[in-house]
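sequence unavailable; structure follows:
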């Protein structure tokens, strides 16, 4: 059985990128997955139609935290319209794994937080 | 002594999955060959309905079905088979209990349950209280629900419970064994104390986690209603029991109507059968009941003393090995007093989420449970979003425990930032 815990997920879980809070942000949101207790908060700095910076914080399982970390890397430098179109399959491609429906919710929490932040 | 290696061969699941380490009996037990064979025998050789047919096959089915009712009655120390209602499981039993008792509630009454209950023994009472406060029950209004906290060792705070019992306490619903803490509540003592304060209070016991691990003795407990499932005691899914004292059942009106529960459907008012038959409308899970009978025979053949000795050995070993290996990084819920514990242990481990732990162990064929275990209130009270739970059955071996420990060690290494990462595991 191939493991869900590939190097990329473990690496991002153990050393999350863009973890913390921004000194200045234009958009922010938090989201919560009640079944696992995963929590995420995301802050965006959008300037001149570009996502200049993203930071996240939170707690939860490796999948939820690693996917948030991977997503922040993906988002920086994109324009918000382009970033808004990122879907489940793109996120799974970033993670490099297939997820069971239960664990998919953990991964999708980062997208949910980002989408909420864009609307904020 | 239980020969676990022989026992394991009674369970076809382990023949199909020889390397499976199954540590989730608290969710459901694998079924022994005897139970599967009994269900199959019914489907193949007796597949007829109960209680109605006048031809030999249907009569034989009815006889076998009713024989299980008597068998269950003996198994739990009921006075009569008339006290045994077949349901689809503990959840259905507890919901039935709430529905049956709803019309008996009077204004000013209150219901008591506890903060350690499984959702199936909290939500029916929460809903009953909520509906009554909206005046949706014909005879009642505003029935408050009172929640009793649990102690540090994971049992019901009996003193607080008793202090709340007064002449208006209509219902107390509590579990015999917590599905998260694993702690056994002193049911006999609690019920005796409730009776001293208010002999009229109806006491309902959720015995889902007791069944199959300890004898259930409704007479010794002196409980009014007791609920448990077949599938947590090596029987089939989709069959459960609601025991009710006959004197109580005779005062309750059916809540589900249809075939098999009526004497005269043309009479005004309709004349229903006596209990328990008036509470079993429709065709029951016949193969499930037949299978449950086989599960009881299987359990009685092994004997509860043997089962308890076996589970105590595994418990002691697991608690010791967990503490030896993970020291202050592991947080075990409930008591360390084995005498007060049933065969399950819930815990959290620093730096690894229970879901990740369960997933990694699953990748190594070790099945444990992670989450809230249908006890959200308990977890919220503890400030935890999830716990990992290991629960034992008679097929578990010391080798299973060793595999669990090394599986957890593996998972910890994976999540330890000090160990270098490999390309894959």
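Ah, there it is. No experiment lies behind these values; they were computed from the predicted model shown. Numbering: from 1, shown residues only, chains lettered A, B, ... in the order given.

quick check: the residue of chain B nearest chain A.
For chain B, the residue closest to chain A is residue B:385, as judged by CB to the nearest CB, at 1.9 Å. Just so you know, the C-beta spots here come from the backbone N, C-alpha and C atoms, and that holds for glycine as well.

ok, how many other residues are close to the residue lying closest to that residue once chain neighbours are set aside?
What sits nearest to residue B:385 in space, not counting adjacent residues and going by CB to CB, 6 or more residues apart in numbering or on different chains, is residue A:37, at 1.9 Å. A count of nearby residues for residue A:37, using other CB atoms under 10 Å in any protein chain shown, gives 21.

repeat for residue B:410
Residue B:410 has 16 nearby residues by other CB under 10 Å.

and for residue B:87?
25.

hmm, residue B:352 is touching residue B:409, no?
No: if you go by CB atoms under 8 Å, residue B:352 and residue B:409 don't touch, sitting 11.3 Å apart.

looking at these two, which is more packed in?
Neighbour count, other CB under 10 Å: between residue B:352 and residue B:409, residue B:352 has more, with 21 against 12.

now the closest residue in space to the more buried one that isn't next to it in sequence: phi and psi?
Spatial nearest neighbour of residue B:352, chain neighbours left out: residue B:415 (4.8 Å); criterion: CB to CB, 6+ apart. Dihedral pair for residue B:415: phi -100, psi 0, per degrees, to the nearest 10.

same thing with residue B:87?
phi -130, psi -170.

contacts only, for it.
B:93, B:96, B:227, B:239-242 (CB atoms under 8 Å, 6 or more residues apart in numbering or on different chains).

can you tell me the element residue B:172 falls in?
Element membership for residue B:172, per DSSP states H and E: strand B:169-175.

follow-up on the earlier one: from memory the residue nearest to residue B:352 sits against residue A:61, does it?
No: judged on CB under 8 Å, residue B:415 makes no contact with residue A:61 at a distance of 10.6 Å.

which one's more surrounded, the two?
A direct count of neighbours by other CB under 10 Å for residue B:415 and residue A:61 places residue A:61 higher, at 28 against 21.

for chain B, what's its nearest residue on chain A.
residue A:37 (1.9 Å).

ok, that residue touching residue B:383?
No: judged on CB under 8 Å, residue A:37 makes no contact with residue B:383 at a distance of 10.3 Å.

before we move on, the earlier item: tabulate the contacts of residue B:87 (CSV), appending pLDDT.
What follows is the contacts of residue B:87, written out as CSV (pLDDT from 0 to 100):
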residue, pLDDT
B:93, 98
B:96, 98
B:227, 98
B:239, 98
B:240, 98
B:241, 98
B:242, 98
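
so who does residue B:41 touch?
Residue B:41 touches residue B:290, counting by CB under 8 Å, 6+ apart.

and it, what are its phi and psi?
phi -60, psi -40.

flag the shaky bits of the chain, pLDDT-wise.
In the absence of a named chain, this looks at chain A. Filtered on pLDDT under 70, chain A yields the residue ranges A:1-2.

please refer instead to chain B.
If you take pLDDT under 70 as the line, chain B has these spans: B:1, B:5, B:134-141, B:417-425.

go again with 50.
B:423-425 (pLDDT under 50).

kindly list the longest helix within it.
helix B:304-326 (DSSP state H).

what about that one, distance to the chain center?
A distance of 21 Å separates the centroid of the chain from that of helix B:304-326, by CA atoms, centre = their mean, to the nearest Å.

repeat for stretch B:350-359
The answer for stretch B:350-359 is 26 Å, by CA atoms, centre = their mean.

what's the answer for stretch B:17-26, then?
With CA atoms, centre = their mean, you get 19 Å for stretch B:17-26.

that stretch: end-to-end distance?
19 Å (CA to CA, to the nearest Å).

list of residues touching it?
B:13-14, B:30, B:179, B:209, B:212, B:232, B:343-344, B:365-369, B:373, B:389-393, B:395-396, B:400, B:403-404, B:407.

quick one: contacts for the residue nearest to residue B:352?
A:10, A:13-14, A:62, B:351-352, B:356 are the contacts of residue B:415 under CB under 8 Å, 6+ apart.

C-terminal to the helix or strand residue A:64 falls within, what's the next element?
In the assignment (DSSP H and E), residue A:64 maps to helix A:62-75. The C-terminal neighbour of helix A:62-75 among helices and strands, as given by DSSP H and E, is helix A:80-84.

buried set for that following helix?
By neighbour count on 16 or more other CB atoms under 10 Å in any protein chain shown, the buried set for helix A:80-84 is A:80, A:83.

and what of stretch B:232-250?
B:232-245, B:248-249.

and the two most separated of these?
Maximum pairwise distance among the buried residues of stretch B:232-250 (CB to CB): 29.0 Å, between B:234 and B:248.

what ranges does chain A have for its helices?
Going by DSSP H, chain A shows helices at A:7-14, A:62-75, A:80-84, A:88-95, A:101-119.

adding distance to residue B:316, write those out as TSV.
Listed next are these as TSV, based on distance: least, CB to CB, whole Å:
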stretch	distance to residue B:316
helix A:7-14	34
helix A:62-75	32
helix A:80-84	55
helix A:88-95	41
helix A:101-119	33
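
what's the most buried one of these?
Sort the helices of chain A by mean neighbour count, taking mean count of other CB atoms under 10 Å in any protein chain shown, and helix A:62-75 sits at the top with a mean of 25.

how far does that one sit from the chain's center?
So, by CA atoms, centre = their mean, the centroid of helix A:62-75 is 4 Å from its chain's centroid.

please apply the same query to stretch B:183-193.
17 Å.

residues touching the residue of chain A closest to chain B, list them.
A:60, B:384-386.

tell me the spacing between the residue nearest to residue B:352 and residue B:350.
Distance of residue B:415 to residue B:350, given as CB to CB, to the nearest Å: 10 Å.

ok, residue B:3 next?
In terms of CB to CB, residue B:3 sits 38 Å off from residue B:350.

now do residue B:173
35 Å.

between these two, which one's more packed in?
residue B:173 (26 against 11).

I'd say that one and residue B:111 touch.
Yes: with contacts defined as CB under 8 Å, residue B:173 counts as touching residue B:111 at a distance of 7.2 Å.

intersection of neighbour lists for the two?
With CB under 8 Å, 6+ apart as the test, residue B:173 and residue B:111 both reach residue B:125.

show me what from chain A comes close to chain B.
A:1-7, A:10-11, A:13-15, A:35-38, A:60-63, A:103, A:106 (CB under 8 Å from any CB of the partner chain).

what sits against the spatially most central residue of chain A?
Centroid check for chain A by CA atoms, centre = their mean gives residue A:68 as the closest residue, at 2.4 Å. Contact partners of residue A:68, counting by CB under 8 Å, 6+ apart, are A:16, A:40, A:42, A:56, A:58, A:109-110, A:113.
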